[in-house]
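> Only the shape, not the letters, is given here:
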């Protein structure tokens, strides 16, 4: 089942190549799928539903979403793809001249350096989020249902405020005369203020803060699904807490952790506003690079090419996620 | 999500066809002349430039609703105008070199100064500059200069760009987030003009940046004064008005005009090509030219007013600034070199 279960775009190229080799049974499966176009769950064993075919009501309720995604996500993406092969006119427009120059330019050493730094920031952010989420999830596992849902709700509360404003709030905490520095100074823990922002550290702090809920939710859900019997058995056999974590929790929750990692890593290389505010306009991530091509350098085709590269990278990660055994539906898609 | 591959590819193909058809239709359509909108005016201006109450008073007096949005560098302004549909903005305030570039790109509406009854208030000294030699498209509004500001109780006197390289200033400098001003300063520091586009000279400017880098805390154009006021930095290359405002909060802040030279930015009233409300635009510009309004603007944001009836700066001092500073010039397609260098710096 999982083999048929691909992202519609990423497997475009494989489509033609693979189909002739398919066994008749797969073809049958295909026909079945066409017949129940709007049917969502192919795992459903109920053949009657397949015969009922076109479900008008379902189509009706999903239509707004379909139109929305086509108009506001898919079409702009096609435009960006198309733009990435055009020639910039230096003034924010483009000349209708097909070229691969933008892609070559995207691999300029100074850009590659930003890609590298950005990926390191993304990985660190992801790692720190994992480090926070696991103990939290294991702590939450044994709590009664009421407490659990309350704590999860608390995790969600920050979403009620605009993330830009929350990021500005961090300035008050992190700056030279900010809450953290003056607190530590007056306690005598440090002698001179720490440089907590306007550098990569500030960017990572901001990213971890903003993206942590995206890691916590999947990890908590994965950890809570771990079979209690396995843990009891491990304990009976004398496993230490660390062993329990590495030999039971970690292997069983890997898809959840990878899911969270994807949802943290991908925004972490793209959230330019956090890099702008807490990085002081000098720590640049791929997101800033793309933004600057559109807003400062007026080189839309190059910006488009960079976005496409970012997209390819993202798709690569999603593929990897599927390889590890992740379910696309769990990505919140 | 689980749809058959055949169906998905069919849908994809038809979508691509529809989309390209859509693009062709858009390209073949001439932009329609929009209906004149006399009750609203779209103004795009620098951040921290005109006090909010000046805008709201204009709305009260004229009955025109002002949609006010901001930008923080000329490049951002150009990007916004080029990407917006014609008629999105009415009045914008580009600096000298950007006026020249916009005239060249046919992005501005001719400006008829005879329609402005307060035109006489402009100091003749600022008129007929090389970027728009007959003021056919623009009229000078405010003069901004880049200056060095420093907290005299924390650091030694700073009077040149070279002084910024001091090892004791680690992580203690703020620079404007503006490519022409900052690269211009680096060029000045190496003894070249801020408008130099020679590759070797630009490379020298980059070397200067490399040496300065450990001292730079942040780039910010929107409100660099905040960095001084909160004690985040003690030294900075900032707009003159920002330095004066920081001085208002902290008396120890001193201002110096760098010995190697500095840049002048004359920001101008202009009307965007295809503006939907040109009459409102003239009314707005005429309002901003009024003596009392000019006074209110420079009181809040102490740039140098072009209004001759306002003493925003003693005459001899103004003349000295004008003679020592250089205007940023339009460098044509060489602007790409600045774009590239800026991408390397940031």
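Sure, I can see it. In this text the structure is predicted, and so the values were computed from the model without any measurement.
> out of everything not next to it in sequence, what's closest to the residue of the stretch 151-300 of chain A found nearest chain B?
In the stretch 151-300 of chain A, the residue found nearest to chain B is residue A:280; the distance is 2.8 Å by Cβ to the nearest Cβ. The way it works is simple: take the backbone N, C-alpha and C, and place the C-beta from them, glycine included. The shortest distance from residue A:280 to any non-neighbouring residue, by Cβ to Cβ, 6 or more residues apart in numbering or on different chains, is to residue B:218 (2.8 Å).
> Please work out how many residues are found near the one you found.
Neighbours of residue B:218 under the rule other Cβ atoms under 10 Å in any protein chain shown: 24.
> secondary structure class for whichever residue of the stretch 201-346 of chain B sits closest to chain A?
Chain A sits closest to residue B:218 of the stretch 201-346 of chain B, with a gap of 2.8 Å, by Cβ to the nearest Cβ. Judged by DSSP: H, G, I helix; E, B strand; the rest coil, the three-state class of residue B:218 is strand.
> Test my guess that it contacts residue B:174.
Yes: with contact defined as Cβ atoms under 8 Å, residue B:218 counts as touching residue B:174 (5.5 Å).
> hey, what's in contact with both of the two?
B:227, B:232, B:233 (Cβ atoms under 8 Å, 6 or more residues apart in numbering or on different chains).
> Need these in CSV (columns: distance to residue A:119 and secondary structure).
Shown next, in CSV, are the shared contacts of residue B:218 and residue B:174 (distance: Cβ to Cβ, whole Å; DSSP: H, G, I helix; E, B strand; the rest coil):
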residue, distance to residue A:119, secondary structure
B:227, 30, helix
B:232, 29, coil
B:233, 30, coil
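> out of these, who's near chain A?
Contacts with chain A within these, counted by Cβ under 8 Å from any Cβ of the partner chain: residue B:232.
> Of the shared contacts of residue B:218 and residue B:174 - the most surrounded one?
Busiest of these [other Cβ under 10 Å] is residue B:233, holding 29 neighbours.
> ok, that residue touching residue B:173?
Yes: Residue B:233 lies in contact with residue B:173 (Cβ under 8 Å); the separation is 6.0 Å.
> Would you mind measuring from residue B:44 to chain A?
From residue B:44 across to chain A, the span is 14 Å (Cβ to the nearest Cβ, to the nearest Å).
> Just to check, that residue is in contact with residue B:67?
No: counting by Cβ under 8 Å, residue B:44 does not reach residue B:67; the two are 9.2 Å apart.
> These two - which one has more neighbours?
More crowded of residue B:44 and residue B:67, by other Cβ under 10 Å: residue B:44, with 22 against 12.
> Please name every helix or strand in contact with the helix or strand where that one lies.
Assigned by DSSP states H and E, residue B:44 belongs to strand B:40-46. Under the contact criterion of 3 or more Cβ pairs under 8 Å, 6 or more residues apart in numbering or on different chains; DSSP states H and E, strand B:40-46 touches strand B:65-71, helix B:74-83, strand B:91-92, helix B:278-289.
> which element follows it toward the C-terminus?
helix B:52-62.
> Enumerate the positions of stretch B:253-271 that are buried.
B:253-258, B:260-271 (16 or more other Cβ atoms under 10 Å in any protein chain shown).
> and it, how far apart are its ends?
37 Å (Cα to Cα, to the nearest Å).
> With chain A in mind, check whether it reaches it.
No: between stretch B:253-271 and chain A, judged by Cβ under 8 Å from any Cβ, nothing touches; the nearest distance is 15.9 Å.
> All the helices of the stretch 51-200 of chain A, residue numbers only.
A:56-69, A:75-83, A:101-106, A:109-141, A:145-156, A:163-174, A:179-186, A:200-224 (DSSP state H, counting those that start in this stretch).
> coming back round to it: strands - which of the buried residues of stretch B:253-271 land there?
Judged by DSSP state E, strands contain the following of the buried residues of stretch B:253-271: B:253-256, B:263-271.
> can you list those residues in CSV and add pLDDT?
Below are these laid out as CSV (pLDDT from 0 to 100):
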residue, pLDDT
B:253, 93
B:254, 93
B:255, 92
B:256, 92
B:263, 92
B:264, 91
B:265, 91
B:266, 93
B:267, 94
B:268, 95
B:269, 94
B:270, 96
B:271, 96
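> OK, contacts around the residue of the stretch 201-346 of chain B closest to chain A?
A:198, A:280, A:281, A:282, B:174, B:175, B:227, B:232, B:233.
> mind giving me CSV with the helices of the stretch 51-200 of chain A and columns for mean pLDDT and mean neighbour count?
Below are the helices of the stretch 51-200 of chain A laid out as CSV (pLDDT from 0 to 100; neighbours: other Cβ atoms under 10 Å in any protein chain shown):
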stretch, mean pLDDT, mean neighbour count
helix A:56-69, 84, 10
helix A:75-83, 92, 16
helix A:101-106, 89, 18
helix A:109-141, 92, 18
helix A:145-156, 90, 11
helix A:163-174, 90, 15
helix A:179-186, 92, 14
helix A:200-224, 93, 22
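> Alright, I will stop here.
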